[in-house]
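[1] Fold the following, please.
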Amino acid sequence: MTEQICDVYWEGPFPWHQRKDRVKPHHVLYSLHGTHHLYGRDVLLYIGRTEDLEARLDGHDWWVEEEFDPVGFKVASIATYDSPDAWSRAYNKMEPEFQYSKADPETVRQVEGLLILAHQPAYNSSSKTSITVPRWLRVFNTGKVGLLHPEVSYIYYEPYE
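    Prediction:
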C-alpha cells in the first residue's frame, strides 16, 4: 500500500472584503474564521472546496454579513507527493511567493473531507462523522496554518472494525 502525501499550503488570513483580490486560480480550499458564541474568537468556522472559489465565497456572503464579529478567510492550494521524503525535499526548496498548480478535484474532495473530520469546524455539517478517502491518505498543513493540525492522517481517524 502506497501512502498518499498531500501538502495543503495555506495563505491568509484575509479580511472578508478582500476576497475578490486574494483568490487565485490555484486555490481549491478555503477556511472561514470568526467568532463563535461557544468556542470563542478567531476560531475555525468552516472548511470548503470548490472549482470556482470566488463564486463559492460570494455564496457565503448572506450569513457572513450577519456574524457577531468580522469573518476572515484563508485560501489553500494542494500538491501530492509519493513519500514524506519527496514532500520534505520539495517543501525545503519553496520560495516565499510559492504556489502549487491546481489540484485534481478528487484529491481536493478527499483532503477536504479529512480536514473536516479532523478539525470539526463549527459550521460544517457533512464529513464530521465519516468520510470516503484512501486508507493511506496523509495531509500536511503548511504556510499560514494558524490553529490547524500540522499533520492529519486517515489511519488515525479510521473507524475501528
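[2] Only C-alpha atoms from now on, for both contacts and neighbour counts.
    Noted.
[3] for the chain, longest helix please?
    Longest helix in the chain, counting residues (DSSP state H): helix 105-119.
[4] List of residues touching it?
    6, 28-29, 47-49, 51, 78, 124, 127-134, 139, 148-149, 152-154, 157 (C-alpha atoms under 8 Å, 6 or more residues apart in numbering).
[5] Would you agree Gln4 is in contact with Asp82?
    Yes. Gln4 is in contact with Asp82 according to C-alpha atoms under 8 Å; the separation is 5.7 Å.
[6] Going by neighbour count, list what's buried in the longest strand seen in the chain.
    Counting residues, the longest strand found in the chain (DSSP state E) is strand 4-15. Buried residues in strand 4-15, defined by neighbour count with 16 or more other C-alpha atoms under 10 Å: 4-14.
[7] Return the set of buried residues in the helix or strand that the longest helix of the chain is followed by.
    Per DSSP states H and E, the first helix or strand lying C-terminal to helix 105-119 is strand 137-143. Residues of strand 137-143 classed as buried: 137-143 (neighbour count, 16+ other C-alpha under 10 Å).
[8] Stretch 143-151 too?
    143, 145-146.
[9] I would like the residues contacting it, please.
    9-13, 119, 138-142.
[10] end-to-end on that stretch?
    Terminal residues of stretch 143-151 are spaced 12 Å apart (C-alpha to C-alpha, to the nearest Å).
[11] next one: stretch 31-51
    15 Å.
[12] what is the mean pLDDT for it?
    Across stretch 31-51, pLDDT averages out at 91.
[13] How far off centre is that stretch?
    11 Å (C-alpha atoms, centre = their mean, to the nearest Å).
[14] Just the buried residues of that stretch, please?
    Applying 16+ other C-alpha under 10 Å to stretch 31-51 flags 31-36, 42-51 as buried.
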